[in-house]
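Chemist: Provided below for reference: sequence and predicted model.
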Amino acid sequence: MGRVLRSEFLKLRKSSIWLLIFISPVLASLTGLGEVSKDFPSFKWEMTLSIMVFLHALIFLPLLTGVFSAFVCRFEHAGGGWKQLLSLPVSRGSVFVAKFIIVMGLLALTQVLFAGGLLLIGQLKGFEAAIPWKIIATSVIGGWVACMPLAALQLFVSTAWSSFAAPLAINVIFTLPNILIVNSEKFGPYYPWAQPFLLMMPGSGESFGALNVPLLTLLIVVIGSLFLFFASGFAYFQRKEI
């Protein structure tokens, strides 16, 4: 596993794909710099976080999950890379797990930068209320955990299809309806592309649609989806003809 991870890191260092981790946090931070309501001065942190989450978790975070998942398989799909990699003394299971770890590592860095953007906005705008560390941590970690099933699903698709563009196109197609799906309490919690938004949005008394679903229910769905997608992708990769 260690050797496979080192190999994946070397591929990552030779590309510029890791620069994408800055895009969503920067755009979300620029959105968060807008003026928030002055009626609730003690909730400026939460309101700014909510504004940033709308752009970050509803659109860019699901898209980045698909991009990273497709990228970690790109080299192997080119020029018989799978045969070269699997001819080495490494197991297929280690390769699949290592690629999943790389994707989740890039998403973790994205989430850290998102939190840093929020803290920077608070300092620039002089928020007087204390920093709600628990709310910020819950949002950032929750969004990262919610990306796990989607990353497993996208990695499954990316290992199955040799095309780099096809998995990305599918990811875009399923990300765009998010703004409608999250309004549905019935379907929203079960839609992998909407789950990052649902777990990142801080709780409020004005919840709507799928945000009314209890946190425990969301976590059960996310963990169940992770097990299903990861096990399916892992089993497929073990039997994949190279």
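Modeler: Thanks, I have the structure now. Keep in mind the model is a prediction, meaning the values are calculated, not measured.
Chemist: and the helix or strand of the chain with the lowest mean pLDDT, which residues are buried?
Modeler: In the chain, no helix or strand scores lower on mean pLDDT, DSSP states H and E than helix 81-86, which sits at a mean of 73. By neighbour count on 16 or more other Cβ atoms under 10 Å, the buried set for helix 81-86 is Trp82, Leu85. The way it works is simple: take the backbone N, C-alpha and C, and place the C-beta from them, glycine included.
Chemist: following the chain onward from that helix, which element is next?
Modeler: helix 92-124 (DSSP states H and E).
Chemist: now do that next one: which elements does it pack against?
Modeler: When contacts are defined as 3 or more Cβ pairs under 8 Å, 6 or more residues apart in numbering; DSSP states H and E, helix 92-124 packs onto helix 2-13, helix 23-32, helix 44-55, helix 61-71, helix 81-86, helix 133-160, helix 215-239.
Chemist: okay, now Gln195: neighbour count?
Modeler: 30 (other Cβ atoms under 10 Å).
Chemist: what does the least confident helix or strand of the chain rub up against?
Modeler: Ser7, Phe75, Glu76, Arg92, Val95, Ile242 (Cβ atoms under 8 Å, 6 or more residues apart in numbering).
Chemist: give me that answer again for 10 Å
Modeler: Applying Cβ atoms under 10 Å, 6 or more residues apart in numbering, the external contacts of helix 81-86 come out as 4, 7, 11, 73-76, 92, 95, 159, 162, 237, 240-242.
Chemist: low pLDDT regions in this structure?
Modeler: For the chain, the stretches flagged by pLDDT under 70 are 35-42, 79-80, 204-210, 242.
Chemist: give me that answer again for 50
Modeler: Scanning the chain for pLDDT under 50 picks out 204-206, 208.
Chemist: ok, so what distance separates the residue most central in space within the chain from Tyr191?
Modeler: Central residue of the chain (Cα atoms, centre = their mean): Cys147, 3.9 Å from the mean position. The gap separating Cys147 from Tyr191 is 13 Å, by Cβ to Cβ, to the nearest Å.
Chemist: next, count neighbours for Ser225.
Modeler: Neighbour count of Ser225, defined by other Cβ under 10 Å: 21.
Chemist: picking that back up, quickly compare the helices and strands packed on helix 92-124 and say which is most buried.
Modeler: Burial of the helices and strands packed on helix 92-124 is given as mean neighbour count (mean count of other Cβ atoms under 10 Å); helix 61-71 ranks first at a mean of 25.
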